[in-house]
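Peer 1: here is my input; please provide its structure:
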Amino acid sequence: MTLAHSPTPRRWPQTLRNLRNLGIGALVVAAATLITTFLAMPVAQAQSKPELRIGYQKSASLFVLQKAQGSLEKRLAPLGFGVKWVEFPAGPQLLEGLNVGAVDVGYVGEAPPIFAQAAGAKFIYIGNDPAAPQAEAILVTKDSPIKTVADLKGKKVALNKGSNVHYLLVKQLEKHGLKITDIQPIYLAPADGRAAFESKNVDAWVIWDPFQAAAEKATGARVLADGTPNVVNNYQYYLGERGFVTKNPKVIEALFEDSVTQGIWLKKNLRQAAELIAPLQGLPVDVVELALRRYEFNVKPISAAVAADQQRIADTFFELKLIPKPIKVSDAIVRAQP
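Peer 2: Presented below is the predicted three-dimensional model:
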């Protein structure tokens with residue numbers, strides 16, 4: 001890795017401006033400092049072997065497990081590759097890391113790639129885990145009089161704007177004959193959403209795991225509705241830098257093989273996995289275990305059906321004016337499997 005000779009890409013300032021215009025500037029400004037500093041760091045000497053640089057978030061439980069156990073390092077050793085784990089605070093920063101060449105692959109939910117593609121970021125979808133429709137939900141307090149989604153009409157509902165749960169809320173309202181304009185959306189980050197929810201300053205909170213599990217365990221929050229049945233899929237995506245993926249198919253194959261192996265072990269040993277992951281995420285073991293139950297880990301290449309699902313989310317975000325122009329998700333997919 002020769003970062004000492006890698007200038008910051010010329011497209012970086014424009015992409016940053018684009019992302020700021022999409023309403024996630026605060027997150028990306030933080031990413032700018034992190035990534036620009038990373039790229040400018042001098043390197044004393046060239047690495048003795050190439051590395052797979054993985055962008056991850058602390059909430060990505062499987063990656064946290066793989067990192068802790070060193071399983072991927074062992075699997076890549078025969079290929080002459082090492083592993084460098086680069087932690088990002090959220091999906092938008094991780095996408096910028098891919099865009100400027102700070103990492104080679106990453107793992108995010110459905111929404112960040114849509115905003116990043118609309119802003120001109122360069123990445124490709126390389127795989128996805130199975131749907132996890134119960135890993136995001138509309139929550140109400142345990143003593144709330146609200147019994148159905150239809151009861152949300154005119155109510156204050158907290159959510160993270162432009163996130164996976166924004167789409168969940170729109171689709172659940174649609175299912176019950178309502179539109180987003182029929183409620184009072186209150187756009188809050190997860191921590192602020194939790195505070196507003198507990199103080200009853202909002203009537204409902206739309207959130208994803210592990211925040212969802214934490215609220216259920218700590219406050220007795222009740223799930224009003226989630227992505228079932230057949231409302232939303234809530235896929236998690238593996239993304240990559242196009243050049244790296246094209247040049248190193250065996251490395252990507254090894255990554256997927258290790259993810260599947262570790263994912264199978266995790267699902268068969270939920271409590272043990274939660275005990276390993278919880279201290280690394282700073283969460284109680286019971287919370288992590290509940291969240292893990294609602295996710296599936298079995299990465300597959302992007303299918304035509306999955307690509308179509310992601311396109312529907314992108315179209316919805318354009319209709320809601322969350323992104324400034326329509327996008328074609330297929331432009332960021334190497335090939336869609338039937």
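
Peer 1: got the contact list for residue 292?
Peer 2: Contacts here follow Cβ atoms under 8 Å, 6 or more residues apart in numbering; on that basis residue 292 touches 61, 266, 267, 270, 273, 274, 277. Just so you know, the C-beta spots here come from the backbone N, C-alpha and C atoms, and that holds for glycine as well.

Peer 1: can you confirm it is in a helix?
Peer 2: Yes. Assessed by DSSP: H, G, I helix; E, B strand; the rest coil, residue 292 belongs to a helix.

Peer 1: just the CA atoms of stretch 91-108, as CSV, please.
Peer 2: These are the backbone C-alpha positions of stretch 91-108, laid out as CSV (Å, rounded to 0.1, in the frame of the first residue of the first chain):
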residue,chain,number,x,y,z
GLY,A,91,-22.5,4.4,6.4
PRO,A,92,-22.0,7.8,4.7
GLN,A,93,-18.4,8.1,5.9
LEU,A,94,-17.7,4.5,4.9
LEU,A,95,-19.0,5.3,1.3
GLU,A,96,-16.7,8.2,1.1
GLY,A,97,-13.9,6.0,2.2
LEU,A,98,-14.6,3.8,-0.8
ASN,A,99,-15.0,6.8,-3.0
VAL,A,100,-11.5,8.2,-2.3
GLY,A,101,-9.7,4.9,-2.1
ALA,A,102,-9.2,4.6,1.7
VAL,A,103,-10.8,1.2,1.8
ASP,A,104,-11.5,-1.6,-0.7
VAL,A,105,-14.7,-3.1,0.6
GLY,A,106,-17.4,-2.2,3.1
TYR,A,107,-20.7,-3.3,4.6
VAL,A,108,-23.7,-1.0,4.9
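
Peer 1: surely residue 117 is in contact with residue 330?
Peer 2: No. Between residue 117 and residue 330 there is no contact, the gap being 10.8 Å when judged by Cβ atoms under 8 Å.

Peer 1: the two - which one has more neighbours?
Peer 2: residue 117 (21 against 15; other Cβ atoms under 10 Å).

Peer 1: strands of the stretch 101-250 of the chain, start to end?
Peer 2: 105-108, 124-129, 136-140, 156-159, 184-187, 204-208, 222-226, 236-240 (DSSP state E, counting those that start in this stretch).
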